[in-house]
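How does the following fold in three dimensions:
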Amino acid sequence: MGFMTDRVEKTVASVLDDGSRLQAPAVNKYVDRVRRAHPDESPAEIIDRLEKMFLLAVTGSGSAVGAAAAAPGLGTAASLAAAGAETAFFLEASAVLTLAIAAVHGVAPEDKEYRKALVLAVALGDSGMSIVERTAGHGAKNWGTLLGTRIPGIKDMNNSLLKKFMTKFVAKRAALMAGKIIPAGIGAVIGGVGNRALGKATINNAHKAFGPPPATWPANLRIVEADPLPAVEK
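Numbering: from 1, shown residues only. Got it, this is the predicted structure:
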């Protein structure tokens, strides 16, 4: 478990600190690309589409890792390495989805610490909400919007969020990764179903964080020149 904790913590740091796709302009381009393909859809319909693409991507990646474990000649160590890479993919896909939904709601933090807080708090759900509200000094019905404002002590808050996240996330991923390396095709089922369940939890947490989708598009989202699709949309 110690090895896995260190590995996941490094993965989290890499995704949240160095992920270029998590910066506000990149997230806006991602949302714009989906809007461009479906110009008549409302914010609610685009969010629903983003969520479906996310679930499809993470379910497929979980099944692929599970199926790889059944391949002849692939040992447990190689299976675990593949599962570790898939964990990084799941984290980044979850982060992109969270920030894309936030952008549709008009919340687009430019500062890295605020993006990190938003991703971690949504991943945690109710416990993340409690940490954000405690640090901000007040609550909000749609508490995710608090992270679009200035919050004193943001770095300390992120430390608390990260500790809580590591405790919950590592336990869930440890069980899921162990299931994925079961051979004979069983791991593929466990991987796909498990990732889908975790993905749905992320979506439900985002709904709690931001509330109902806005009726109109926020001013910060504008149609820009097309970019290559990010990994979560393939």
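
Tell me who's in contact with residue 47.
Residues in contact with residue 47 (CB atoms under 8 Å, 6 or more residues apart in numbering) are 101, 104, 213. Heads up, the C-betas are built off the backbone N, CA and C, glycines and all.

Could you measure from residue 31 over to residue 101?
Taking CB to CB, to the nearest Å as the measure, residue 31 falls 9 Å from residue 101.

do the same with residue 149
From residue 149 over to residue 101 the distance is 18 Å, taken as CB to CB.

between these two, who's got more neighbours?
Under the criterion of other CB atoms under 10 Å, the comparison of residue 149 against residue 101 puts residue 101 first, with 28 against 11.

correct me, but that one touches residue 48?
No: using CB atoms under 8 Å, residue 101 makes no contact with residue 48, being 10.4 Å away.

follow-up on the earlier one: quick one: common contacting residues for residue 31 and residue 101?
Shared contacts of residue 31 and residue 101, defined by CB under 8 Å, 6+ apart, are found at residue 50.

now, which of the contacts of residue 47 lie within helices?
Of the positions in these, 101, 104 sit in helices, assigned by DSSP state H.

and which of the contacts of residue 47 is nearest to residue 162?
residue 101 (21.0 Å; CB to CB).

need the contact list for that closest one.
Residues in contact with residue 101 (CB under 8 Å, 6+ apart) are 47, 50, 51, 206, 210.

can you tell me the average pLDDT over stretch 206-221?
Mean pLDDT, stretch 206-221: 88.

Could you number the chain from 846 rather than 1 from now on?
Yes, from this point I'll number from 846; that puts the last item at stretch 1051-1066.

which residues touch that stretch?
873, 876-877, 880, 887-889, 892, 942-943, 946-953, 966-967, 970-971, 974, 986-990.

Relative to residue 957, how far out is residue 987?
Distance, residue 987 to residue 957, using CB to CB: 23 Å.

same deal with residue 896?
Computed as CB to CB, the residue 896 to residue 957 distance reads 25 Å.

Save the contacts of residue 946 as CSV, and put in secondary structure and distance to residue 856 too.
As requested, the contacts of residue 946 are arranged in CSV below (DSSP: H, G, I helix; E, B strand; the rest coil; distance: CB to CB, whole Å):
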residue, secondary structure, distance to residue 856
892, helix, 26
895, helix, 23
896, helix, 23
1051, helix, 21
1055, helix, 25
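
which element is residue 1066 on?
Secondary structure assignment for residue 1066, by DSSP states H and E: no helix or strand.

Now for it, how many residues are close by?
Close neighbours of residue 1066, defined as other CB under 10 Å, add up to 18.

Poorly predicted segments of the chain, please.
Counting by pLDDT under 70, the chain has low-confidence residues at 846-854, 863-864, 906-931, 984, 1015-1039, 1065, 1067-1079.
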